[in-house]
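Okay, sequence plus prediction incoming.
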Amino acid sequence: MIKQTELAELGEFKLISRLTKNFSATHKNTVYAIGDDCAVLAKTKQAHTLITTDLLMEGIHFDLMFTPLKHLGYKAVVVNLSDIYAMNGTPEHITVSIAVSAKFTVEALEELYEGIALACKAYSVDLIGGDTSASLTGLAISITAVGTVNPKSITYRNTAKKNDLICVSGDVGAAYAGLQIMQREKTVFQQSKGAQPKLEGYEYSIQRYLKPEARADVIQNLADASIIPTAMIDVSDGVSSELLHICSQSNVGCRIYEERIPIHKNTQKIAQEFEMEAIIPALNGGEDYELLFTIPIEQHEHIKTIPDVHIIGSITEQEQGLYMISRSGSPIAIQAQGWTAFE
């Protein structure tokens, strides 16, 4: 009898690799298929097409006890657009497919689509189609985003080089911190009938979780400064996980520095309340949708002029491994401990 493998034994990315190992591109215009934030299709000499898709499942990716449907619709679009930006591209179109159970009213779905429409307006994206289906288990949302990118400026995960600087936009860990607050208040509400959630003072982190933004501004600022990253990825699963993707696919190592990781004061406050080091959600939290990228060291002075971008380390030889240097100067091995599917 053939041994059956549990999904949790492989995890999301090893599962994808196993399921798709026998597939190869047969069309000449397939520039890049599986393995990055987007697939890349040749279009013209001046523009390639980027395609990405994400599936959000109720109970896995969102909890409707504390996620307003309008926020969910907005977020579902943004997480896809973030993938387009992570390839240094510009999103243009989306399709939206949903599966809904009978517990949802027409008005509830209209609220979901209000959020989708708001995101489309904010990022100048057109909704061009989709599908609807019944569901027995709640709500599922699948969005496909299509964008364009100049072939000369397209940025993959697998092209980081030794001595490149490692940069991250914004701050990291806030979305995870916001989720912890929402889950805590949900528990209090369930255990104490009629208890009202205490959300004052946590607005920043809650906003980062419920209504994230894709960093279109960073992509524009990099273009204005004539900076093309050597590698880039968006922070959906955590800085540690994303760094591992870049380094493993680029066959390099890295050194990042704890003191340089940008952490918002609200994230620090929440981490303290939950008795954990703020660096833990910063490295492993995920859902920040910031951009993590590398640039040639020669661009050091130029990158310092870009608002809200932080240099957190550098790329090394692969043999030197992946380490974070703590505030005390100790090297700590970087491991992917962020969100994983099937666990």
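Now that the structure is in, tell me what you want to look at. Numbering: from 1, shown residues only.

next helix or strand past the helix or strand hosting residue 242?
Element membership for residue 242, per DSSP states H and E: helix 239-250. Sequence order places strand 253-257 as the next helix or strand after helix 239-250, per DSSP H and E.

buried set for the next helix or strand along the chain from that next one?
Sequence order places helix 265-273 as the next helix or strand after strand 253-257, per DSSP H and E. By neighbour count with 16 or more other Cβ atoms under 10 Å, helix 265-273 contains the buried residues 266, 267, 268, 270, 271. For every residue, glycine as well, the C-beta is placed using N, CA and C.

Who are the contact partners of the last one?
Residue 271 makes contact with 173, 177, 277, 278, 280, 281, according to Cβ atoms under 8 Å, 6 or more residues apart in numbering.

Go ahead and name everything in contact with the strand or helix carrying residue 31.
Following DSSP H and E, one finds residue 31 within strand 30-32. Here strand 30-32 makes contact (Cβ under 8 Å, 6+ apart) with 38, 39, 40, 41, 42, 48, 156.

The third one contacts residue 84, doesn't it?
No - contact criterion Cβ atoms under 8 Å: residue 40 and residue 84 do not qualify, at 11.0 Å.

Neighbour count: those two, which is higher?
With neighbours defined as other Cβ atoms under 10 Å, residue 40 and residue 84 compare such that residue 84 has more, 29 against 21.

For the host helix or strand of residue 282, which residues meet the burial criterion?
Residue 282 is part of helix 279-284 when elements are defined by DSSP H and E. If you call a residue buried by 16+ other Cβ under 10 Å, then helix 279-284 has these buried ones: 279, 280, 281, 282, 283, 284.

Please report the distance of the first one from residue 242.
If I follow you right, that is residue 279. 15 Å (Cβ to Cβ, to the nearest Å).

And the fourth one, by the same measure?
As for residue 282, its distance to residue 242 is 12 Å (criterion: Cβ to Cβ).

what do you get for the last one?
As for residue 284, its distance to residue 242 is 11 Å (criterion: Cβ to Cβ).

for residue 213, same thing?
Taking Cβ to Cβ, one finds residue 213 at 18 Å from residue 242.

Tell me which of the two has more neighbours.
Using other Cβ under 10 Å, the more surrounded residue of residue 213 and residue 242 is residue 242, with 28 against 19.

Spatially, and excluding backbone neighbours, which residue is closest to the residue sitting nearest the centre point of the chain.
The centroid of the chain falls nearest to residue 236 when counting by Cα atoms, centre = their mean (2.3 Å). Nearest non-adjacent residue to residue 236, counting by Cβ to Cβ, 6 or more residues apart in numbering: residue 286, 5.9 Å away.

Brilliant, that's me finished.
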